[in-house]
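>>> build me a model:
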Amino acid sequence: MKNIKIIALAVLLVTACKKEDTTEPAGFTSHKSTAKMIVALPFDVDFHTTVDTDPSIPPTPCSGDLPGLANAGYFLHGTATHMGLIKPAQSRGQDVSCNLSFATALLYTTVAGQIAAANGDLVYYTGSDTINVYNLLTSSGTTGAITGKWTIIGGSGRFAGATGSFTISGLVDFTGPTLRFKGKGTITY
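Coordinates of the predicted model:
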């Protein structure tokens, strides 16, 4: 009787061991999965701007110490990692708000816009910039430094659902007004 119990237990164990375990440990994805692996990739930009003079898109009025100051929208020109040479006619930005302080000689802006890849795929962004306007306020020059952080909030085509951010730094030429800047960060798409 004891031998029968041992044999029955052995059969149960062998049968149980042969059953395929299809569960996976937490945090692991099967090699059979078709899920796309999402990784943050380097994202570098090298841009300059031109003013958007479209009268149907009015300049954004600024608050602060200089009544009547308003910032026009802009077109972006240049290159971006994963995008190549961007399409300026579709790469546009606009200040959402701006505030000028004489005490700090800084112009603070929030921006929103899109960057168009050579094939028309888009990256949408928002951001915050700080522009040093000391030279402009004191008539000692026509340029000022710009720094900021732009956040990628989506896109279209291969950039649908994109996320990420990049910091920018460069120079504003107040006679244009135009700006030239580089940015470095990451994009996930």
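>>> go ahead and flag the most central residue of the protein.
Residue closest to the average C-alpha location in the chain (Cα atoms, centre = their mean): Ile152, at 2.3 Å.
>>> check the secondary structure at that one for me.
For Ile152, the assignment made with DSSP: H, G, I helix; E, B strand; the rest coil gives strand.
>>> was I right about it contacting Tyr124?
Yes - contact status for Ile152 versus Tyr124: in contact at 7.1 Å, counting by Cβ atoms under 8 Å. Yep, even glycine has a C-beta here, placed from its N, CA and C like the rest.
>>> overlap of the contact sets of those two?
Ala162 (Cβ atoms under 8 Å, 6 or more residues apart in numbering).
>>> helix or strand: which one has Val172?
strand 163-173 (DSSP states H and E).
>>> check contacts around the closest residue to Pro61 other than its chain neighbours.
Take Pro61 and drop its neighbours on the chain: the residue closest to it by Cβ to Cβ, 6 or more residues apart in numbering is Ala70, 4.8 Å away. Listed by Cβ under 8 Å, 6+ apart, the contact set of Ala70 reads Pro58, Pro59, Thr60, Pro61, Cys62.
>>> and the gap between Ala70 and Gly64?
Remark: distance between Ala70 and Gly64 (Cβ to Cβ, to the nearest Å) = 12 Å.
>>> kindly report the same for Ser101.
Distance of Ser101 to Gly64, given as Cβ to Cβ: 6 Å.
>>> shared neighbours, the two?
Common neighbours of Ser101 and Gly64, counting by Cβ under 8 Å, 6+ apart, are absent.
>>> may I have the phi/psi pair for Asp95?
Backbone torsions for Asp95, taken as degrees, to the nearest 10, come to phi -70, psi 130.
>>> and for it, the neighbour number?
Residues near Asp95, counting by other Cβ atoms under 10 Å, number 21.
>>> can I assume it is in contact with Gly113?
No - Asp95 lies out of contact with Gly113 (Cβ under 8 Å); the separation is 9.7 Å.
>>> for Thr151, give the beta-bridge partners.
Thr151 forms beta bridges with Thr126, Ser165, as assigned by DSSP bridges.
>>> after the lowest-mean-pLDDT helix or strand in the chain, next one along is what?
Least confident helix or strand of the chain, by mean pLDDT, DSSP states H and E, is helix 2-18 with a mean of 43. Next in sequence after helix 2-18, counting helices and strands by DSSP H and E, comes strand 41-51.
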